[in-house]
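[1] Attaching a predicted model along with its sequence, questions to come.
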Amino acid sequence: MPGSEQSAGILALWSAPRCRSTAFFRMMIERGDFTTVHEPFAYLTEFGFSEVGGVRATEERGVLDALRGLAGRGPVFFKNTMDERYPGVLADAGFLARDARHVFLIRHPRETIASYYAIDPGVKLRRIGFETEYELFEAVRRQTGEPPLVIDAHDLMADPEGIIRAFCLRVGIDFRPKALAWRPESRGEWQPSREWHHDVDASSGFRAPEKDEYVDVEGHPVLSGYLAYHLPYYNALRTWRVRL
């Protein structure tokens, strides 16, 4: 597999919901040198099982074992949103510190809340995800002794080439500029959750769709509380973001 000598093992992208993580995943597919796995822990929570490299897992331990097994055959990239807390991941010191490299993707919660609400007006506070993302970030930092890489989606969309170059350098893989553009299509990897990925289906790169119908989060009686709750976690993560 091309590039496997520099990218062996597991590369994990953890993201709060609605942070451009599927576009990032699409870019990693376009590279062609990783086996890509979409939302293995989120699918486990949502559907009761997850398929990883032909292995059907029904608990977090099974997903972790399947990812390790898949990585034994070549480099693996997965992305997972943090709508839920994953105690099995948090408890696996080897996975946090040795078996995987971890990258965290963030976006201002004002934007993520508005985008989430547009799809699910019944969204609950915990599912905005920055609290659980920060908890996992701190767990990785404790186990490795250093802060993992953080990417802010605003920076990614403003300078895709610069941010992806920095990402590749940090995780030890080659930069492939052709992966920054792709053919618009609905991929099979995200069909179980396809209603969340229509923007990426129509995309051909890291460009934000034009939208102006989002709710006013600050003025909303419930969502404004969500913003106040999650903003400190976002700000704490943002202090570690990639700066070009």
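    Arrived safely, thanks for sending.
[2] My read is that Leu156 contacts Ile163, right?
    Yes - in this structure, Leu156 is within contact of Ile163 by C-beta atoms under 8 Å, at 4.7 Å. No exception for glycine: its C-beta is placed from N, CA and C like everyone else's.
[3] These two: who's more crowded?
    Applying other C-beta atoms under 10 Å to Leu156 and Ile163 shows that Leu156 carries more neighbours, namely 25 against 22.
[4] Identify the residues contacting the more buried one.
    By C-beta atoms under 8 Å, 6 or more residues apart in numbering, the contact list for Leu156 reads Arg20, Phe24, Leu105, Ile163, Ile164, Phe206.
[5] now the strands for the protein?
    10-15, 35-38, 50-52, 55-57, 76-81, 100-106, 149-152 (DSSP state E).
[6] Reformat those into a markdown table and put mean pLDDT and distance to Asp199 next to each item.
    Putting these into a markdown table (pLDDT from 0 to 100; distance: least, C-beta to C-beta, whole Å) gives the following:
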| stretch | mean pLDDT | distance to Asp199 |
| --- | --- | --- |
| strand 10-15 | 98 | 15 |
| strand 35-38 | 96 | 16 |
| strand 50-52 | 94 | 24 |
| strand 55-57 | 96 | 29 |
| strand 76-81 | 97 | 15 |
| strand 100-106 | 98 | 15 |
| strand 149-152 | 98 | 18 |
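[7] ok, the nearest residue to Ala208 once chain neighbours are set aside - how many residues close by?
    In this structure, Ala208 finds its nearest non-sequential neighbour in Met157, 5.3 Å apart by C-beta to C-beta, 6 or more residues apart in numbering. By other C-beta under 10 Å, 16 other residues sit near Met157.
[8] circling back to that earlier point, nearest to Tyr233, out of the strands of the chain?
    Relative to Tyr233, the nearest member of the strands of the chain by C-beta to C-beta is strand 100-106, separated by 9.1 Å.
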